[in-house]
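Trainee: Fold the following.
(chains A and B)
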Amino acid sequence: MSDVVFEIKDLYAFYDEHAALQSINLKIWEKRITAIMGPSGCGKSTLLRCLNRLNDLIPGFSLKGQILFRGQDIYQIKDLTEYRRRVTMVFQKPNPFPMSIFDNVAYGLRIHGITKKSILKDKVEQALRMAALWDEVKDKLKKPAVQLSGGQQQRLCIARALAVEPEVLLLDEPTSALDPIATTKIERLLEELAQQYTVVIVTHSMGQALRISDEVVFLYEGRLIEYGETSTIAKTPKHEVTKQFLTGKIG
Amino acid sequence: MMRKTVSFIFVSLTSLAAVIVAAALFAIVFFIFTESIRAIKEVGFGLFSPNWYPVWETDPEFGVGTMLLNSLILTVWTSVWVWTIGLSVAIYLHKYALNKEREVLLRILEYVSGIPSVVLGLFGVLILGNWFLRLGAWSAQNFLNASIVLSVLTLPFMTSLTFQSLEKVPRQLVEGAIALGAKDLAVMWIELRYAAPGIVNAMLSVFNRIFGETMIVLMVAGGANLLVRSLLDPVRPLTATLGSEIGEVAVGSLHYSALFFIAFLVLSGSLILNLLTNRITRKLERWIKG
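Mentor: All right, here's what the predicted structure looks like:
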C-alpha cells in the first residue's frame, strides 16, 4: 500500500445554509487514480474544489471538519500559492489563457518565480511532452492558444498544470466537453501520469471510472455511500445506488 | 413564401441603409475636401505655418500649425489622465468595490455621461475659471481648465466601457489562474489580457472624442493661438477655430476654404483613428476567440 496523500475527516461543506457535503471520511492514496462519481448535484465538484481550496472564493461557502494533505490541515495554510503549486487543477471546460501556447504553459512557472528564458523553455517543452501535445504544437508555440482544438486545449491545460511540477493533479470532468477521440487521448494520458502523480478525477461517466481509476468514490446527495478499489466495487457493489450506476440505470 | 418575402425585404432594407451611409460618408469627405482645395492651392505648405491671421487686410496668414500642435498636446495629455484614472477606477469597481459602492458609482457615471458638453463648458467657465483666477492664473480659460472639463466628459465612458470588458472575463479563466497559485496581480494580468480589445477600443475612442470635441474647448480653452508652454496658458485647438469662425466667414473666400481645410484635418484624423481602432481590436481579439 502506498502513502496517504489526502485524509478527509468528517467533512461538511455549506453554501450558505445548504449542506453540499455531509460527514465525508476518505483517504486518497499516492500515485493512484481516484475517481469521484455520482449524479449531478451530489457534491463531487464541491469535494474536488475543497482540495484546492478554490471554494474559498465563493461567497457564503463554509466548511467543517478537516482535510489533511500529508498530515497538514490545508485550511490552516497561509501561503496558498505554494500549496496550489503542489495541488493543481484542470477544469471541465478547457480554459486556455488569452496568450500564446508557450505563455500559457509558462504562466504557472512565472508565478512561482521562474523567469530565466532557457529554464522556461526546457520546462515548457517537458510539460508539453508529458501532456502528449509537444509534437502537435512545437512549430506554433507563439500562436494564440485558443486556436487549438478543444482536445488540444484541454491537454494544454493539463500541461499548464504539470509545468509547475505538482504532486497532485485534480481534474473536474476534464473530458465532458470533448469528443470520444479526444477523450480517449486524455484517458491514456492520465493513466501514464498516474505513474508519477496522484490523480483525482471527477467524472459522471461510469465507463471512464472503470477504464482508468484505481479507486472510486461514490457520492449521493452530499454523502459518501461507497468507496474502495474500483475492481472490487465493480464486482460487488454494496449500495443500491452504486448498483444502479454500474448497470447504467442512472449516470 | 411569406418568410422568403420578409427576409428579402429585410436584406434589401439593410443593404440600402448601408449604401446610404457609405455614400453619405464619402460625400462628406468629398465635399469638405473640394471646399479646401482653394486653400491648399493658394497657401500650400503655408497652411502648416504657426500663424493664423485670416482677416488681415494686407497680408493674411492661414497657418494651422500651432492649433494642430495644441490640439494634439491637449488630446494626448488629457487622454493619458483619463486612461489612467478610468482604468484604475474600473479595476477597483471590478475587483474590490462592495456591491452598494459599485451600484452608486456606476449610477453617477451614467448621469455624468448624459450631461451635454455645453453644460460642462459652462461649469468650466463659471466655476473652474473662477477658481483658477483666485489661484493666480492669468487667464480663467486655459489649457488645464479645458483638460479638466474634457476629462469629466470622457471619464464616464472610459470607466464604464473598461468595467464592462473586465466583467465579461469568464469565471473559469480567473479560477484557472487562481488554481495554479496566482495572486491578485497575476490574476489581473489574465483579466486585462482578456479585456484588452474592449479597453483599447475605449482608449482610442476617448482620444478621438477629445480630439474632435468642439464646444468645450471653444468655451474654456482660452482661444489664444499660442503654443502651450504652461498648464495655465490659454490655447486654441483646431476645432475651436473652426467652431468660432465658420459662422462669420464670407462663403467662398480663402478664409472659408482654409477653415474647410481644418475640417478636413479633423475628419481625416478621426477616420484614421477609427480604422486603427478596428485593426488593433481585431488583432487583439485573435487571442481570445481563436
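Trainee: How far does stretch A:186-194 sit from its chain's centre?
Mentor: 12 Å (CA atoms, centre = their mean, to the nearest Å).
Trainee: which other residues reach that stretch?
Mentor: A:31-33, A:130-132, A:151, A:154-155, A:158, A:162, A:169, A:171, A:174-175, A:178, A:199, A:201, A:208, A:211-212, A:214 (CB atoms under 8 Å, 6 or more residues apart in numbering or on different chains). Placement of C-beta: from N, CA and C, glycine included.
Trainee: Stretch A:64-71 now?
Mentor: Residues contacting stretch A:64-71 (CB under 8 Å, 6+ apart): A:3-14, A:24, A:50-51, A:73-75, A:83, A:86-87.
Trainee: Among the residues you listed, name the ones in strands.
Mentor: Judged by DSSP state E, those include A:4-14, A:24, A:73, A:87 as members of strands.
Trainee: Just flag the most distant two among the residues you listed.
Mentor: Farthest apart among the ones in strands among the contacts of stretch A:64-71 by CB to CB are A:4 and A:14. That separation is 25.9 Å.
Trainee: Residues of the stretch 51-200 of chain B that sit close to chain A?
Mentor: B:170, B:172-173, B:175-183, B:186, B:190, B:193-194, B:196 (CB under 8 Å from any CB of the partner chain).
Trainee: So which of the residues you listed sit within helices?
Mentor: Mapping these onto helices (DSSP state H) picks out B:172-173, B:175-179, B:186, B:190, B:193-194, B:196.
Trainee: quick one: the residue of the stretch 151-251 of chain A found nearest chain B and residue A:84, what's the gap?
Mentor: Nearest to chain B, among the residues of the stretch 151-251 of chain A, is residue A:164, at 6.5 Å (CB to the nearest CB). From residue A:164 across to residue A:84, the span is 9 Å (CB to CB, to the nearest Å).
Trainee: So which bits of the helix or strand where residue B:255 lies are buried?
Mentor: Element membership for residue B:255 (DSSP states H and E) is helix B:254-289. Neighbour counts over helix B:254-289 (16 or more other CB atoms under 10 Å in any protein chain shown) mark B:254-267, B:269, B:273, B:277, B:280-281, B:284-285, B:287-288 as buried.
Trainee: So for the residue of the stretch 151-251 of chain A closest to chain B, what's the pLDDT?
Mentor: pLDDT, residue A:164: 93.
Trainee: Then residue B:186?
Mentor: Reported pLDDT for residue B:186: 94.
Trainee: Am I right that it is in contact with residue A:111?
Mentor: Yes - counting by CB atoms under 8 Å, residue B:186 touches residue A:111, with 5.1 Å between them.
Trainee: The two - which one has more neighbours?
Mentor: residue A:111 (21 against 17; other CB atoms under 10 Å in any protein chain shown).
Trainee: can you give me phi and psi for the more buried one?
Mentor: phi -60, psi -40 (degrees, to the nearest 10).
Trainee: what's it in contact with, if anything?
Mentor: A:81, A:164, B:180-183, B:186.
Trainee: and the residue nearest to residue B:220 when sequence neighbours are not counted, what is it in contact with?
Mentor: Counting by CB to CB, 6 or more residues apart in numbering or on different chains, residue B:124 is the residue found nearest to residue B:220 once chain neighbours are left out, at 3.6 Å. By CB under 8 Å, 6+ apart, the contact list for residue B:124 reads B:141, B:145-146, B:148-149, B:216, B:219-220.
Trainee: can you give me the strands for chain A?
Mentor: Under DSSP E, chain A gives strands at A:4-15, A:18-29, A:33-37, A:61-69, A:72-73, A:87-90, A:168-172, A:198-202, A:215-220, A:223-229.
Trainee: The fifth one pairs with which strands, and in what direction?
Mentor: I take that to be strand A:72-73. Sheet pairing for strand A:72-73, assigned by DSSP bridges, gives strand A:61-69 (antiparallel).
Trainee: what pLDDT, on average, does the partner strand get?
Mentor: Confidence over strand A:61-69 (mean pLDDT, whole number) is 92.
Trainee: and that strand with strand A:168-172, angle?
Mentor: Strand A:61-69 and strand A:168-172 are oriented at 140 degrees to each other (axes from the mean of the first three to the mean of the last three CA atoms, to 10 degrees).
Trainee: In strand A:61-69, which residues are buried?
Mentor: Those would be A:61, A:63, A:65, A:67-69, for strand A:61-69 by 16+ other CB under 10 Å.
Trainee: Do you know the pLDDT at residue B:60?
Mentor: Residue B:60 carries a pLDDT value of 89.
Trainee: should've said residue B:257
Mentor: 94.
Trainee: Chain A versus that one, what's the distance?
Mentor: Residue B:257 sits 49 Å away from chain A, going by CB to the nearest CB, to the nearest Å.
Trainee: so what's residue 25 up against?
Mentor: Looking at chain A here, since you left the chain open. So residue A:25 contacts A:8-11, A:224 (CB under 8 Å, 6+ apart).
Trainee: from the residues you listed, which would you call buried?
Mentor: Neighbour-count burial (16+ other CB under 10 Å) is assigned, among the contacts of residue A:25, to A:8, A:11, A:224.
Trainee: So which of the residues you listed is the closest to residue B:75?
Mentor: Closest to residue B:75, out of all of the buried ones among the contacts of residue A:25 and judged by CB to CB, is residue A:11, at 59.2 Å.
Trainee: and the gap between the closest one and residue A:40?
Mentor: 20 Å.
Trainee: can you check residue B:162 too?
Mentor: With CB to CB as the criterion, residue B:162 and residue A:40 are 37 Å apart.
Trainee: try residue A:83
Mentor: For residue A:83 relative to residue A:40 (CB to CB), the value is 29 Å.
Trainee: need the helices for chain B, in chain order.
Mentor: Under DSSP H, chain B gives helices at B:2-43, B:65-95, B:99-113, B:117-123, B:129-134, B:143-167, B:171-179, B:184-212, B:215-220, B:238-245, B:254-289.
Trainee: pLDDT weak spots in chain A?
Mentor: Judged by pLDDT under 70, chain A has its weakly predicted residues at A:1-2, A:249-251.
Trainee: Up against chain B, what does it have?
Mentor: So far as CB under 8 Å from any CB goes, chain A lies against chain B at A:52, A:54, A:57, A:80-85, A:88-89, A:91, A:93, A:95, A:97-99, A:107-108, A:110-112, A:144, A:146-148, A:157, A:160-161, A:164.
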